[in-house]
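Trainee: what would the 3D arrangement of this be:
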Amino acid sequence: MWGKRNSDLQIRSPTGWREAIPFPWFGPSPSGGESRGGREGIGTHALSTLGEAGKLAAGYIGELDVCGNSKSTIRHYAYALGLYLRHLADGSVDFRHVEYKDLITFLQALRLKGNRPATVRARFGSVASWYEWLKRVRVVKDNPCDMVPAIKVDKPLPQFFTEEEMEKLRKAARSYRFDRKRNVAILEFIYASGCRRGEVSKLDIDDIHAGENAFATIRETKGRRDRLVILDSPSFLKAWEAYLPIRARALAKWERPTEKAAFITKFGKRIGPNAVYDVIRALCEHAGTRVLYPHAIRHSAATHMLNNGADLLDIKEQLGHKSLSTTEVYLHVALERRRAQYRKSHPAAGPSSSDDTSYP
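Mentor: Numbering: from 1, shown residues only. Coordinates of the predicted model:
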């Protein structure tokens, strides 16, 4: 197991003996980590330049695409494999004859670049999946990643707004800047639907069906699984109706009558995921709430539904989770909330007076 002892990595080797490998796994990252714009990895298009291993990696990435994985997933796999193959090339290591130490030094290199433990695990998981594919196509006999024990990383509970904070944020959105009607509609849509910011960006005008029994069709989400989300929120429907004339005027001004995007910029173009992020952050600052991110509103929607009696399966379908275990994290959030309320309100949970109590 990956353990914690003086910031070293305590693991069991394939032969059974234990060793402490210096590894800055826990604590602050040695550097600021990989920046989104300055990564040193290799994209899908360049994998094939890394010899036979690169061509095989490119073939695997192609299969991921055919199997319906999202573009984001494919990019992350390609990036991780690019890092790994460059690491092997720097050490003149053949991908067919990788040893235990080669994998450990790869993990060390990732961490020393400032990656968080969860990111390191994800990168290594991409490599392990590639080797499983190589086994299936009979390029290698065994998966060398099996030599490395599972990387255990504590998963923090999702951050979310309380219902009071959410109401404060929604009120602030209605009085913010010239494009406030669009921003109100975005905020209300995320809160009503529990959608991701990428899904908000991809949403087309025809995907939203307002009126009685309102819903939206979320297309090509994670794993390319379309789903229907319920939008029976009077606040969203009101915000949507107020936004539509603003959208129409912007499209007329910039002569873009065929634009399909539901949410657009002031120049009449589809709003991007980063712009959705900026909208929510700016609204948080304006409202004076904690400055969180669009995904926190998704977490808030799920948590508030659960707190008010929604079934976990219904929340799973609304959020588009593949597995119920992913949705179950909100049970822990609700439990922590109950625990906090218990400690605050139950007399027995207050400052203990048991020291003054004697028992016969």
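
Trainee: alpha carbons only for contacts and neighbour counts from here, please
Mentor: Fine.

Trainee: list the buried residues of the helix or strand harbouring residue 102.
Mentor: Residue 102 belongs to helix 100-112 when assigned by DSSP states H and E. By neighbour count on 16 or more other Cα atoms under 10 Å, the buried set for helix 100-112 is 102-104, 106-112.

Trainee: can you tell me which helices and strands that helix packs against?
Mentor: Applying 3 or more Cα pairs under 8 Å, 6 or more residues apart in numbering; DSSP states H and E, we find helix 100-112 packed against helix 71-90, helix 117-136.

Trainee: columns mean pLDDT and mean neighbour count on top of those helices, output as TSV?
Mentor: Formatted as TSV, the helices and strands packed on helix 100-112 follow (pLDDT from 0 to 100; neighbours: other Cα atoms under 10 Å):
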stretch	mean pLDDT	mean neighbour count
helix 71-90	92	19
helix 117-136	95	18
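
Trainee: looking at the ones you listed, which is closest to residue 307?
Mentor: helix 117-136 (28.6 Å; Cα to Cα).

Trainee: now do that closest one: everything it contacts.
Mentor: If you take Cα atoms under 8 Å, 6 or more residues apart in numbering as the criterion, helix 117-136 is touched by 25-26, 57, 60, 76-77, 80-81, 84, 107, 110-111, 140-146, 151, 153.

Trainee: so, low pLDDT: which residues of this structure?
Mentor: 1-45, 176-179, 220-225, 337, 350-360 (pLDDT under 70).

Trainee: residue boundaries of the helices in it?
Mentor: 44-47, 51-66, 71-90, 100-112, 117-136, 163-173, 180-193, 197-202, 234-253, 273-287, 294-307, 312-319, 324-327, 329-345 (DSSP state H).

Trainee: buried deepest among those helices, which one?
Mentor: The highest average neighbour count among those, using mean count of other Cα atoms under 10 Å, belongs to helix 180-193 at a mean of 24.

Trainee: now for that one, which elements pack on it?
Mentor: Packing contacts for helix 180-193, counted by 3+ Cα pairs under 8 Å, 6+ apart, involve helix 163-173, helix 197-202, strand 227-230, helix 234-253, helix 273-287, helix 294-307.

Trainee: and the longest one with helix 163-173, angle?
Mentor: An angle of 30 degrees separates the directions of helix 234-253 and helix 163-173 when computed by axes from the mean of the first three to the mean of the last three Cα atoms, to 10 degrees.

Trainee: from what I can see residue 205 touches residue 262, true?
Mentor: Yes - Residue 205 lies in contact with residue 262 (Cα atoms under 8 Å); the separation is 4.1 Å.

Trainee: more crowded one of these two?
Mentor: Neighbour count, other Cα atoms under 10 Å: between residue 205 and residue 262, residue 262 has more, with 21 against 14.

Trainee: residue contacts, that one?
Mentor: 203-206, 208, 270.

Trainee: how about 7 Å then?
Mentor: 203-205 (Cα atoms under 7 Å, 6 or more residues apart in numbering).

Trainee: check residue 327 too.
Mentor: Applying Cα under 7 Å, 6+ apart, the residues contacting residue 327 are 316, 321.

Trainee: try 6 Å this time
Mentor: Residue 327 is in contact with residue 316, counting by Cα atoms under 6 Å, 6 or more residues apart in numbering.

Trainee: distance check, it against residue 218.
Mentor: Distance of residue 327 to residue 218, given as Cα to Cα, to the nearest Å: 18 Å.
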